[in-house]
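Generate a structure from the sequence data that follows.
(one chain, ligands or ions: 1)
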Amino acid sequence: MRRRKSVSRAGLGLILLGLGLALAGWAVAGSQTAGRRGAPAASAALQPADWVIAGPIVVTMDPHRRVIHDGAVAIRRDTIVGVGSAASVESRYQPAHRLELRDGVLIPGLINGHTHAAMTLFRGLGDDENLQNWLQDYIFPAEARNVTPAFVREGTRLGMVEMIESGTTTFADMYYFESDIAAVVKQAGMRAVLGETVIGFPAPDNKTPAEAFAYIHRFVAQWRGDSLITPAIAPHAIYTVSGPDLRESAALSRQLGVPLLIHLSETKKEVADSLREHHMTPVAYLDSLGVLAPNLTAAHCVWTDAADLRLLARHDVGCVYNPSSNLKLADGMAPVTQWIAAGVPAGLGTDGAASNNNLDMLRQIYFAAELQKDATMDPTAMPAEQALALATSDGARALHMEKEIGSIEVGKKADLAFLSLDEAHGVPLYNVYSQIVYALEASDVKDVFVAGKPVMLDGRLTTLDVPEILSQARAYGRRVLRSLHVATPSPGH
Ligand SMILES: [Zn+2]
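Numbers count the residues shown, from 1 in each chain. Sure, this is the predicted structure:
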């Protein structure tokens, strides 16, 4: 365990007993509130807070892009109530729990705008194939033979371990049995937009789109208004869902008031097929069906032209860039700087671990900055600050959640990640954005809060049992191989 740099000890971490943690080597200051009523005169002017996190460089990603050295954040329930210098915040709040974090940066929790968390159990399966072969020969058969409610629960738990450990607090998911996924996400205390798949062939959960629509009614009724879970509808793509079912998905999303998630213009082939079948680009085709709307978030948007981008911007459709997945499947380079110039809300995602092969958003931020420079032959095209925005403030806009998350501001949800700058690759420090984007890595993430609750403290997950999850995942890996009649992994894989 890494040592805590600077910890004040007004009382050891009793507050965490409820989390069932082994706290050896870890300490937090619990300046136990001296009673919310009848507090001592000296603290009468202080407002109560559940947490004060003091000491880090606070990278707010707010509209003024404030960066506060020796900063602090005060949290009450699930919301940020104070942001500023440590001196000013600590003079105003009396926290139940105080966490002092030195030699590091506190950033808004990262937002993974597109993933299939349960597919983490297919990580590395059928690698180095093109998208069509990978889907037809590996993923679809493996899904048909393995995907059950228990499978998606375990896969999502594995995905969440990786996401939390790399600083992600919110993810947008598209998969099957999303009701089961919602239950484990809620248990783990992560925030998620969970899109139940609509697809034109028998899926592991629903055998027809009509069954999927019925499922979605129940799913939305169960989770509507939840503080962490946003139920959503996810028609897979224009090449797997019929026009009438795409139209129905959009109508249902408006009727139920929930977001819509889709894969869009991912490959050249998708665009060529659409031009041949519909005489329109995939974006124009969705427009003709009435699917483009401010509740839609589209993954990929790789092959989008100027007219497509005007349509997407006009309808406030979010686009999510998945650089690793696009690279690995050789889909092409998404014109992200053009999205931004056109006013399309731009987010960032990992895609599923089956096509990436990880859920590390810091790696995506790095790829975004480097690849967009290379694609445009312009080193100023995607500055580090903009790359970080794709995974925070802009990423929140792409999911239409910018009122709740994406920046460290009073009134926003307390979704935060602390990254240590106390490793060789973290020093010296000239520009905090550069450091986060080009130098830091997932292992630097030490503390993560979602909705005001710690889900990782000093490198330890507080809501997920990691050894148990890894052991389950290994067992599922063996089962998946057997189901595909593969005795052992192929050499080199
Ligand atoms: Zn995807």
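
if I look at residue 400, how far off is residue 46?
36 Å (Cβ to Cβ, to the nearest Å). Placement of C-beta: from N, CA and C, glycine included.

Can you name every helix or strand that the helix or strand encompassing residue 261 contacts?
Under the criterion of DSSP states H and E, residue 261 resides in strand 260-264. Of the remaining helices and strands, those touching strand 260-264 by 3 or more Cβ pairs under 8 Å, 6 or more residues apart in numbering; DSSP states H and E are strand 168-175, strand 191-198, strand 229-235, helix 243-256, helix 282-288, strand 296-300.

For residue 75, find the nearest of these.
strand 168-175 (13.3 Å; Cβ to Cβ).

now that closest one against strand 296-300, angle please.
Orientation check (axes from the mean of the first three to the mean of the last three Cα atoms, to 10 degrees): strand 168-175 against strand 296-300 gives 90 degrees.

Listing partners with orientation, what would you give for strand 168-175?
strand 110-115 (parallel), strand 191-198 (parallel) (DSSP bridges).

in stretch 405-416, what counts as buried?
Within stretch 405-416, the residues scored as buried using 16 or more other Cβ atoms under 10 Å are 405, 406, 407, 408, 409, 412, 413, 414, 415, 416.

let me redo that: stretch 281-292
281, 282, 283, 284, 285, 286, 287, 289, 291, 292.

so can I have JSON lines of those showing pLDDT?
Formatted as JSON lines, these follow (pLDDT from 0 to 100):
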{"residue": "281", "pLDDT": "98"}
{"residue": "282", "pLDDT": "98"}
{"residue": "283", "pLDDT": "98"}
{"residue": "284", "pLDDT": "98"}
{"residue": "285", "pLDDT": "98"}
{"residue": "286", "pLDDT": "98"}
{"residue": "287", "pLDDT": "98"}
{"residue": "289", "pLDDT": "98"}
{"residue": "291", "pLDDT": "98"}
{"residue": "292", "pLDDT": "98"}
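
quick check, nearest of the residues you listed to residue 358?
Using Cβ to Cβ, the buried residues of stretch 281-292 come closest to residue 358 at residue 282, 27.6 Å.

Do I have it right that the closest one meets residue 268?
No. With contacts counted by Cβ atoms under 8 Å, residue 282 stays clear of residue 268, the gap being 11.2 Å.

among the buried residues of stretch 405-416, which two are most distant?
Across the buried residues of stretch 405-416 (Cβ to Cβ), the longest gap, 12.6 Å, separates 406 and 414.

Below-threshold pLDDT in the stretch 251-400 of the chain: ranges please.
Filtered on pLDDT under 70, the stretch 251-400 of the chain yields no residues whatsoever.

can you pull the contacts of residue 456?
Going by Cβ atoms under 8 Å, 6 or more residues apart in numbering, residue 456 touches 164, 165, 445, 446, 447, 448, 462.

Now for the fourth one: which residues touch it?
Meaning residue 446. 2, 101, 104, 418, 419, 420, 456, 458, 459.

If we use 7 Å, what do you get?
Counting by Cβ atoms under 7 Å, 6 or more residues apart in numbering, residue 446 makes contact with 418, 420, 458, 459.

Can you tell me how far it is from residue 227?
Residue 446 is 25 Å from residue 227, by Cβ to Cβ.

other SSEs contacting the helix or strand that contains residue 154?
Taking DSSP H and E as the definition, residue 154 sits inside helix 149-165. Helix 149-165 sits against helix 178-188, strand 453-457, helix 466-483, with contacts defined as 3 or more Cβ pairs under 7 Å, 6 or more residues apart in numbering; DSSP states H and E.

Out of those, flag the one nearest residue 307.
helix 178-188 (33.4 Å).

Taking strand 229-235 as reference, get the angle to the closest one.
150 degrees.

what's the angle from helix 178-188 to helix 149-165?
Going by the same axes, to 10 degrees, helix 178-188 is angled at 40 degrees with respect to helix 149-165.

Just the ones of the buried residues of stretch 405-416 in helices?
If you go by DSSP state H, these have nothing in helices.

With pLDDT as added columns, please give those residues in a markdown table.
Formatted as a markdown table, these follow (pLDDT from 0 to 100):
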| residue | pLDDT |
| --- | --- |
| 405 | 98 |
| 406 | 98 |
| 407 | 98 |
| 408 | 99 |
| 409 | 98 |
| 412 | 98 |
| 413 | 98 |
| 414 | 98 |
| 415 | 99 |
| 416 | 98 |
